[in-house]
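> Whatever this is, show me its structure:
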Amino acid sequence: MSDYTKEELDEIWLKGCEVDGLDAATYRKDVVGALMRRDRYGKEGNLGWEVDHILPIEKLKGYKVPEARWNDMANLRPFNAKNNAAKGDDYPTYSVAVQYDENLGANKEVNKISTIREDVQAQIASVYARWL
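Numbers count the residues shown, from 1 in each chain. Below is the predicted model of the structure:
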């Protein structure tokens, strides 16, 4: 896990989706709909979350992007730890492991495939255009 400043983690956390009825400072959903809890950063488990590199580090290495550019804020987002593990180094299509179920009031295991939105792919391509 990379070292991020509190300010960077705060900025990344704010990229998560607010959840009706839950305190946005404490709970957010990742882009695929899994619930995360702010104080569970870097932790495994149902509400744990990590910083996801949308374009994975292994791909950045393959494109010879300098390490100093890997953590461009445009390439970072909060992601449920289980989903981040399922995503691995896949891009732009990846596996999803959990999503929030409002009826259960908790995340539940799923076996789905998701794709990075085209506008996000375009933004990432512009950030790393020099190397792609």
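> ok, longest helix in this protein?
For the chain, the longest helix by residue count, based on DSSP state H, is helix 118-127.
> Work out the gap between it and the centre of the chain.
Using C-alpha atoms, centre = their mean, to the nearest Å, the mean C-alpha position of helix 118-127 is found 15 Å from that of the whole chain.
> Same check on stretch 17-27?
Put simply, stretch 17-27 sits 17 Å off its chain's centre (C-alpha atoms, centre = their mean).
> Please apply the same query to stretch 123-132.
Remark: stretch 123-132 is offset 19 Å from the chain centroid, using C-alpha atoms, centre = their mean.
> got the CA coordinates for that stretch in CSV?
Extracted in CSV, the C-alpha atoms of stretch 123-132 (Å, rounded to 0.1, in the frame of the first residue of the first chain):
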residue,chain,number,x,y,z
GLN,A,123,-9.4,11.2,-19.0
ILE,A,124,-6.8,8.6,-18.0
ALA,A,125,-5.6,8.4,-21.6
SER,A,126,-5.0,12.2,-21.6
VAL,A,127,-3.1,12.1,-18.3
TYR,A,128,-0.8,9.4,-19.6
ALA,A,129,-0.9,10.3,-23.3
ARG,A,130,2.9,10.8,-23.4
TRP,A,131,3.5,7.1,-22.6
LEU,A,132,0.5,5.4,-24.2
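> Of all the residues in that stretch, which ones are buried?
124, 127-128 (16 or more other C-beta atoms under 10 Å). Where you see a C-beta, it was placed from the backbone N, CA and C, and this is true even at glycine.
> which other helices and strands contact the helix or strand containing Val51?
Using DSSP states H and E, Val51 maps to strand 49-53. Applying 3 or more C-beta pairs under 8 Å, 6 or more residues apart in numbering; DSSP states H and E, we find strand 49-53 packed against strand 76-80, helix 81-87.
> ok, Glu109 to Gly88 distance?
Going from Glu109 to Gly88 by C-beta to C-beta, to the nearest Å gives 17 Å.
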